[in-house]
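S.K.: Sequence first, predicted model second:
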Amino acid sequence: MNANVTELVVFALLFLTVSVMGFVAAKWRRPENIESLHEWGLGGRNFGSWITWFLVGGDLYTAYTFVAVPALVFGAGALGFYALPYTVVVYPLVFLVLARMWSVSHVHGFVTPADFVRARFGSPTLALIIAITGLVATMPYIALQLVGIEAVLKTMGVTGHLPIIIAFAILAAYTYQSGLRAPALIAFVKDTLIYIVILAAVIYIPAKLGGWGSIFDAAKAKFDATPAPGDGITLNANNQLQYVTLAFGSALALFLYPHSLTGVLASKNRGVIKRNMAALPAYSFLLGLIALLGFMAIAAGTKGVVGANGKVDNNTIIPALFDQMFPDWFAGVAYAAIGIGALVPAAIMSIAAANLFTRNIYREYLRKDATDAQEAKVSKLVSLVVKVGAVLCILLLDPQFSIDLQLIGGVIILQTLPSVGLGLYTRWFHKGGLIAGWVAGMSAGVWMLYMVPNPATGKAHFGGSAFGLSNLGLDTKMTIYAGFLALAVNLIVAVLGTLLFRALKVADGEDATSRGDYFADEGDPTVKDLDLAASH
Amino acid sequence: MPDDKSDRSPWNWLLLVPIAIPLMPFLFNSDEPRLLGFPLFYWLQIAFIALGVATTTLVYQMTKRRRQR
């Protein structure tokens, strides 16, 4: 396929505009001193409702989501729609939890989930485990954002790795320069573009394909014709449990990711967070519509672009649908939306990963007397290293490897729930019990993922997250989300371990937080006013 | 500990509704009845977004007022 000039020009223009914005962002809301980690990493913690809405929305709903969810619906049908209940359930679920996290973090100056665990359970070991889990889960996620950009470039006929290297070099440069301000500012453009593109897509494309009814009928006809038992436009008896546990497990996992927390902690007060829990579902609506693009691609007979390995790359389905349906200039806008959509979360994720390393590994183990300026400098360097690592992942390894890793990432980040999520509510668990639970949950989770084959791609292991209950000796074809079961194992071991360590009178860590810390709000004397330099 | 320094409120229990309802496939796992061409599975789950927004907004408004008193 030859490169499409119109699409490319529109894409490049929008991409460059956004890059300039990224550099200018350092001056936005005028921080007097961006040299401290709080300024750089958390944008001064003074973001109001609107900025937080764009920032967290841009952070959670990534380019990979926009590419992979419809690709999953295209391939499997109803099961891929789990992304919708997942993002409906998550906000009421964390409504109160995040407010507590905000308060305790602002009283004690926490920037990462591991900071919290360190203080709550008085255990550097447990904090290190949480930090490493976060890093391992986040790294492949950053790499996957590149898969999103690559899918778009491939569809435009641009091959080779140079464009991706350039895109990420620009990203790295402005994150280094502007910290969290860059993605916050760019998120405005990204989201505006995405909303325009998707609303146009759901009005324009169904009109060309004979209406929604015929789109669903075409999808139904396709799935009826395939021999695969798990697909269809509704669920069957065997994958309902998978659907529910995947949606619920993903919802539990979402705000355990360090980058989700970075966006939340940057907000001004508890009210901003609670209001956002009511407003963020606007993105879920968008995501639901995006998922349905997968059915449109079926009805339109869209074919994905054939990759370098000779196989059709399913991730190019949606870009290919846009190419087929939209005029070239608008397809260019759509591609820019996806491409820019990759930059926002990639920037926030690399900042979150850098904070984890700096605070929970560098300052804890390598240099205990680091000053604020040193911390910020290390953090900025690590965020560069993280992005170079992500690019290398894509260049040197099979992209499938990143996708597998991200799948594992979701399962392993769930294993921090007892320490981080439940830890916000109760100090009942013993640090030893939590560590034992983590080890058990991790082992169980990775083993279950290893046991999942994917007949469609011919893989024997790591073929998805749908763990067959028959592996446990049950006589059924039902599947369940591996992460959910692993979390159950984790919790049981953590409870038993806690009882055991208590009975043996093993010393537990000190809790540095007190009850009132979890309800403190903006203006309270205990809440650190870290944003003075940035807000005026 | 003064009482206004707490998230406690009976309204919070309402949050369980938009968590539980979308996780019950028997409510929506069907093609019929269709709405504007959308099978029940899709339009009802999209409608659950409104349920989530309404509940979260209600709980936020009610608990906010309680705190100010």
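M.R.: Structure received.
S.K.: Share the number of residues neighbouring residue A:191, please.
M.R.: Neighbourhood size, residue A:191 [other Cβ atoms under 10 Å in any protein chain shown]: 23. Backbone N, C-alpha and C define where each C-beta goes, glycine included.
S.K.: So it lies in a strand, does it not?
M.R.: No - Residue A:191 is assigned helix when assessed by DSSP: H, G, I helix; E, B strand; the rest coil, not a strand.
S.K.: surely it meets residue A:56?
M.R.: No - using Cβ atoms under 8 Å, residue A:191 makes no contact with residue A:56, being 10.9 Å away.
S.K.: Can you give me the neighbour number for residue A:250?
M.R.: When counting by other Cβ under 10 Å, one arrives at 22 neighbours for residue A:250.
S.K.: And it, how far from residue A:465?
M.R.: Noted for residue A:250: a distance of 9 Å to residue A:465, by Cβ to Cβ, to the nearest Å.
S.K.: Name the residues contacting each of those two.
M.R.: Common neighbours of residue A:250 and residue A:465, using Cβ atoms under 8 Å, 6 or more residues apart in numbering or on different chains, are A:410, A:481, A:483.
S.K.: which residues sit in contact with the residue of the stretch 351-500 of chain A found nearest chain B?
M.R.: Nearest to chain B, among the residues of the stretch 351-500 of chain A, is residue A:425, at 10.6 Å (Cβ to the nearest Cβ). Residue A:425 sits next to A:97, A:100 when contact means Cβ under 8 Å, 6+ apart.
S.K.: How about stretch A:506-519, which residues are buried there?
M.R.: Neighbour counts using 16 or more other Cβ atoms under 10 Å in any protein chain shown place A:508, A:509, A:513, A:516, A:517, A:518, A:519 of stretch A:506-519 among the buried residues.
S.K.: what's around the nearest residue to the second one once chain neighbours are set aside, how many residues?
M.R.: Put plainly, it is residue A:509. Leaving aside its chain neighbours, residue A:509 sits nearest to residue A:122 (2.5 Å; criterion: Cβ to Cβ, 6 or more residues apart in numbering or on different chains). Per other Cβ under 10 Å, the neighbour tally for residue A:122 reads 16.
S.K.: list the contacts for residue A:122?
M.R.: Residues near residue A:122 by Cβ under 8 Å, 6+ apart: A:431, A:508, A:509, A:510, A:511, A:512.
S.K.: Let me see the ranges of the strands in chain A.
M.R.: A:466-468, A:479-481 (DSSP state E).
S.K.: Number of residues surrounding residue A:182?
M.R.: Residue A:182: 30 surrounding residues under other Cβ under 10 Å.
S.K.: Any figure for the gap between it and chain B?
M.R.: Going from residue A:182 to chain B by Cβ to the nearest Cβ, to the nearest Å gives 29 Å.
S.K.: so what's that residue up against?
M.R.: So residue A:182 contacts A:21, A:22, A:23, A:25, A:26, A:174, A:175, A:347 (Cβ under 8 Å, 6+ apart).
S.K.: count of residues packed around the second one?
M.R.: Spelled out, that is residue A:22. Around residue A:22 there are 23 residues (other Cβ under 10 Å).
S.K.: how close does it sit to residue A:144?
M.R.: In this view, residue A:22 and residue A:144 are 21 Å apart by Cβ to Cβ.
S.K.: What parts of the stretch 51-200 of chain A come near chain B?
M.R.: Residues of the stretch 51-200 of chain A lying near chain B by Cβ under 8 Å from any Cβ of the partner chain: A:78, A:81, A:84-85, A:88-89, A:91-93, A:95-96, A:99-100.
S.K.: Looking at the buried residues of stretch A:506-519, which are in helices?
M.R.: Under the assignment DSSP state H, the buried residues of stretch A:506-519 contribute nothing to helices.
S.K.: need the residues of chain B near chain A, please.
M.R.: So far as Cβ under 8 Å from any Cβ goes, chain B lies against chain A at B:1, B:5-7, B:12, B:15-19, B:22-25, B:29-31, B:34, B:36-39, B:41-42, B:45-46, B:48-49, B:51-53, B:55-57, B:59-60, B:64.
S.K.: Using PyMOL, make a named selection holding only the buried ones among those residues.
M.R.: The command below creates a PyMOL selection of those among those that count as buried (16+ other Cβ under 10 Å):
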select buried, chain B and resi 5+7+15+18+19+22+23+25+29+31+34+37+38+39+41+42+45+46+48+49+51+52+53+55+56+59+60
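S.K.: Which members of the residues of chain B next to chain A occur in strands, if any?
M.R.: Counting by DSSP E, the residues of chain B next to chain A contribute nothing to strands.
S.K.: quick one: low-confidence ranges for chain A?
M.R.: Applying pLDDT under 70 to chain A flags residues A:1-3, A:26-46, A:307-310, A:399-402, A:456-457, A:529-536.
S.K.: Okay, the residue nearest to the spatial centre of it and chain B: tell me how far apart.
M.R.: Nearest to the geometric centre of chain A sits residue A:60, at 5.2 Å (Cα atoms, centre = their mean). Remark: distance between residue A:60 and chain B (Cβ to the nearest Cβ) = 15 Å.
S.K.: got a list of what that residue touches?
M.R.: So residue A:60 contacts A:87, A:254, A:260, A:263, A:280, A:283, A:345 (Cβ under 8 Å, 6+ apart).
S.K.: could I get those residues as JSON lines with distance to residue A:458?
M.R.: Listed next are these as JSON lines, based on distance: Cβ to Cβ, whole Å:
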{"residue": "A:87", "distance to residue A:458": "31"}
{"residue": "A:254", "distance to residue A:458": "31"}
{"residue": "A:260", "distance to residue A:458": "34"}
{"residue": "A:263", "distance to residue A:458": "39"}
{"residue": "A:280", "distance to residue A:458": "39"}
{"residue": "A:283", "distance to residue A:458": "35"}
{"residue": "A:345", "distance to residue A:458": "31"}
